[in-house]
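Asker: one predicted model, sequence on top.
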Amino acid sequence: MIVSRFKLCSRIRFQKVSFYSSQSTDSTANLGSNEAQTSTINEHELSKFKAVSNSWWDRNGEAKALHSMNKLRIPFIRDGILSTQVTKAEKAKSNRSLAGYSILDVGCGGGLLSEALARIGANVTGIDAVAENIEIAQGHALADPLLTDLTYITSTVEEHKFNFEGNYDAVVASEVIEHVENPQFFVASCAALTKPGGSLFITTINRTQLSWITAIVGAEYILRILPKGIHDWNKFVSPDELEVMLTSSGFQPVKKHGMLYNFLANDWVWTKNTDVNFAIHAVKTLKEKEVQEAPEKLDEDLSGERQPAATSGVTSELP
């Protein structure tokens with residue numbers, strides 16, 4: 001694997017990783033299969049995003065629902081990280097509450113989520129298999145002199161893990177898993193990149209009759225707020241299926257919310273209903289040795305005036 005690295009304006013870092021992909025077929029029938037999987041690439045899905053790569057930063061265009069989704073997913077990720085990490089109380093309340101935390105944004109697209117997380121202090125790496133998306137993300141980030149610690153890489157998640165295994169405090173895959181091949185392998189690759197005790201955040205679409213009516217027929221063909229054909233209903237993953245993938249990859253799901261989109265107001269709200277959009281936060285299980293060492297580390301952190309943020313516990317719906 002050939003990796004070339006470019007530093008631009010000494011702020012935004014851009015890497016390009018060569019990757020090999022094979023012709024993919026629908027893997028829904030093999031969901032959760034134990035057969036060896038080696039790629040998450042689906043060439044047909046990649047072609048969809050190459051076609052719309054120039055529209056990422058048009059807030060009134062085809063990505064406007066993703067722009068407004070940041071209202072939910074930024075605090076969901078921020079609060080999830082802070083609730084499972086030992087954090088200085090004053091830092092948790094600051095505008096840069098994620099300073100010192102490393103986050104991987106898988107399938108970052110044009111950088112809508114990556115930039116927002118970097119602005120609240122996180123050291124963010126955004127990866128995407130579509131080179132055109134990375135070029136858009138990198139170009140947009142360079143226009144903001146306040147953005148620091150932001151890296152973009154053209155790569156798949158499975159390639160990235162070869163050089164960055166166990167490197168991140170949190171991994172985010174927002175509106176991505178419904179576009180990949182071998183979703184179980186995708187989750188396992190995310191697990192390999194997450195530090196023990198770290199978090200994985202996934203937002204996606206449930207595979208229900210209601211999601212077909214609203215997310216595909218309604219959003220793509222009637223309202224046309226999404227590109228036609230951008231989603232394949234057969235590739236949607238249910239919350240139960242996703243939780244099985246998470247637990248089999250060493251994660252403990254700790255929170256699950258439904259997400260409701262008001263297309264008239266271009267606004268998102270949390271809901272108890274997960275029939276269409278939903279979000280899951282899972283924590284990577286500590287190994288036995290790490291569990292034994294954790295109390296000593298916590299004592300050291302507390303002696304340094306660090307206070308643990310309150311944990312949210314396991315919930316399957318909104319409080």
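Answerer: Perfect, thanks for sending it.
Asker: next, the closest residue to Lys255 other than its chain neighbours: secondary structure please.
Answerer: Nearest non-adjacent residue to Lys255, counting by C-beta to C-beta, 6 or more residues apart in numbering: His281, 4.3 Å away. All C-beta atoms are positioned from the backbone trio N, CA, C, and that covers glycine. Look at His281: counting by DSSP: H, G, I helix; E, B strand; the rest coil, its state is strand.
Asker: try Leu147
Answerer: Leu147 ends up coil, using three-state DSSP.
Asker: close enough to count as contact, it and Leu117?
Answerer: No: contact status for Leu147 versus Leu117: not in contact, 10.6 Å apart, counting by C-beta atoms under 8 Å.
Asker: which of the two has more neighbours?
Answerer: Leu117 (26 against 18; other C-beta atoms under 10 Å).
Asker: and the more buried one, what pLDDT?
Answerer: On pLDDT, Leu117 comes in at 98.
Asker: report all helices and strands that the stretch of helix or strand it belongs to contacts.
Answerer: Leu117 is part of helix 112-119, with elements assigned from DSSP states H and E. Here helix 112-119 touches helix 64-84, strand 102-106, strand 123-128, helix 131-142, strand 150-154, strand 168-174, going by 3 or more C-beta pairs under 8 Å, 6 or more residues apart in numbering; DSSP states H and E.
Asker: out of these, which gets nearest to Ser53?
Answerer: Smallest distance to Ser53 across the helices and strands packed on helix 112-119 (C-beta to C-beta): 3.9 Å, for helix 131-142.
Asker: report the buried residues of that closest one.
Answerer: Neighbour counts over helix 131-142 (16 or more other C-beta atoms under 10 Å) mark 131-141 as buried.
Asker: export these as JSON lines, with columns for distance to Arg207 and pLDDT.
Answerer: Output for the buried residues of helix 131-142, formatted as JSON lines (distance: C-beta to C-beta, whole Å; pLDDT from 0 to 100):
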{"residue": "Ala131", "distance to Arg207": "30", "pLDDT": "97"}
{"residue": "Glu132", "distance to Arg207": "28", "pLDDT": "97"}
{"residue": "Asn133", "distance to Arg207": "25", "pLDDT": "97"}
{"residue": "Ile134", "distance to Arg207": "29", "pLDDT": "98"}
{"residue": "Glu135", "distance to Arg207": "32", "pLDDT": "97"}
{"residue": "Ile136", "distance to Arg207": "30", "pLDDT": "97"}
{"residue": "Ala137", "distance to Arg207": "29", "pLDDT": "98"}
{"residue": "Gln138", "distance to Arg207": "34", "pLDDT": "97"}
{"residue": "Gly139", "distance to Arg207": "35", "pLDDT": "96"}
{"residue": "His140", "distance to Arg207": "33", "pLDDT": "97"}
{"residue": "Ala141", "distance to Arg207": "34", "pLDDT": "96"}
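Asker: of these, closest to Glu165?
Answerer: Taking C-beta to C-beta as the measure, Glu165 lies nearest Ile134 of the buried residues of helix 131-142, at 21.4 Å.
Asker: test my guess that that closest one contacts Thr154.
Answerer: Yes: using C-beta under 8 Å as the test, Ile134 is close enough to Thr154 to be in contact (4.7 Å).
Asker: ok, back up a step: look up how far His257 lies from the residue nearest to Lys255.
Answerer: 9 Å (C-beta to C-beta, to the nearest Å).
Asker: if I look at those two, which residues touch both of them?
Answerer: Phe76 (C-beta atoms under 8 Å, 6 or more residues apart in numbering).
Asker: compare the two (neighbour count), which wins?
Answerer: Set side by side, His281 and His257 show more neighbours around His281, with 25 against 21, by other C-beta under 10 Å.
Asker: and that one, what does it touch?
Answerer: 76, 80, 199-201, 253-256.
Asker: give me that answer again for 10 Å
Answerer: 76-77, 79-81, 83-84, 170, 199-202, 246, 251, 253-257, 312, 315 (C-beta atoms under 10 Å, 6 or more residues apart in numbering).
Asker: now a ChimeraX select for only the buried ones of those residues.
Answerer: Restricted to buried positions by 16+ other C-beta under 10 Å, the ChimeraX selection for the contacts of His281 reads:
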select :76,77,79,80,81,83,84,170,199,200,201,202,246,251,253,254,255,256,257
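Asker: gap between Asp58 and Asp144?
Answerer: In terms of C-beta to C-beta, Asp58 sits 17 Å off from Asp144.
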